[in-house]
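Engineer: based on what follows, work out the 3D shape:
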Amino acid sequence: MRGMGDTTAYLRRGIREIICLALFFFTFLACEYLFDVRMAEFVPSSEVVIYESIVVGASVIGFFVRPFLYYRLPQTIDATSDITGVLLVSALLLMITAVRFEVVIAGGLVACCALGYCGSTAHANLARRFAQTPCLARAAALSYAMGVLVQVINHMVMPVGIPQQAVLVVCAIGRWRCSTVPDAPSCATSPTPTLNPVLPGFR
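Structural biologist: Okay, here's the model as predicted:
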């Protein structure tokens, strides 16, 4: 019972990072679904998967850009994170309102690149928060389960169209804003700064 109590305490103290990663999972899944729906309005269903693969593959760029900036140009992380959040929300709105095939493609590419950056940040923050604790895998699994659950609820409860798209945009904004809160120390250490300092620009 004590082990279960320790696990609960660890997870409670790292709830912000868990929620941030869950929001990333949901936003990524919902963005992919939105892109498929919009592309189906312009091309045959057999071609949607081709364009989806290209757009989703673009997220790899964001995943690599974030660690490069963090280690090579850490002073740019804060500004880059803010710009990425604005680009993500703008790209989602662009996909929602687009009336041309090329605009949907452009919005999807920008959104997935931004999501790759956000995902890299969310995974890094979760890993640091639960470093040297036995709960890292459980925290990641909980985040994934929460993200998928929100996706299921969004599709089952919210009407198709604008309501579902509004949930996506709101969650994207929430994912961006929750990353602006200063980092907390690892759950396994004392909050004393000398034991586990907050790394500059870790957002």
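
Engineer: residues touching the most centrally placed residue in the chain, list them.
Structural biologist: Residue closest to the average C-alpha location in the chain (CA atoms, centre = their mean): residue 24, at 2.3 Å. Counting by CB atoms under 8 Å, 6 or more residues apart in numbering, residue 24 touches 115, 118, 119, 122, 147, 175. Just so you know, the C-beta spots here come from the backbone N, C-alpha and C atoms, and that holds for glycine as well.

Engineer: equivalent analysis for residue 118, please.
Structural biologist: 24, 27, 62, 84, 85, 88, 175, 176, 179.

Engineer: the same query, at a cut-off of 10 Å, please.
Structural biologist: Contact analysis of residue 118 by CB atoms under 10 Å, 6 or more residues apart in numbering lists 20-21, 23-24, 27-28, 59, 62-63, 66, 81, 84-85, 88, 172, 175-176, 179.

Engineer: closest one of the contacts of residue 24 to residue 13?
Structural biologist: Nearest to residue 13 out of the contacts of residue 24 is residue 122 (CB to CB; 17.0 Å).

Engineer: my guess is that closest one contacts residue 21, does it?
Structural biologist: Yes - with contact defined as CB atoms under 10 Å, residue 122 reaches residue 21; the gap is 4.3 Å.

Engineer: what's the nearest residue to residue 127 if we skip its chain neighbours?
Structural biologist: Nearest non-adjacent residue to residue 127, counting by CB to CB, 6 or more residues apart in numbering: residue 136, 6.7 Å away.

Engineer: which pLDDT value goes with that neighbour?
Structural biologist: Looking at residue 136, its pLDDT is 90.

Engineer: that one - how many residues pack around it?
Structural biologist: Residue 136 has 18 neighbours, counted by other CB atoms under 10 Å.

Engineer: quick one: the strands in the protein?
Structural biologist: Using DSSP state E, no strands are found in the chain.

Engineer: correct me if wrong: residue 73 contacts residue 67.
Structural biologist: No - look at residue 73 against residue 67 with CB under 10 Å: they stay out of range, at 11.1 Å.

Engineer: about what we covered before: and the residue nearest to the centre of the chain, how far from residue 112?
Structural biologist: 12 Å (CB to CB, to the nearest Å).

Engineer: pull up the overlap in contacts between these two.
Structural biologist: residue 119.
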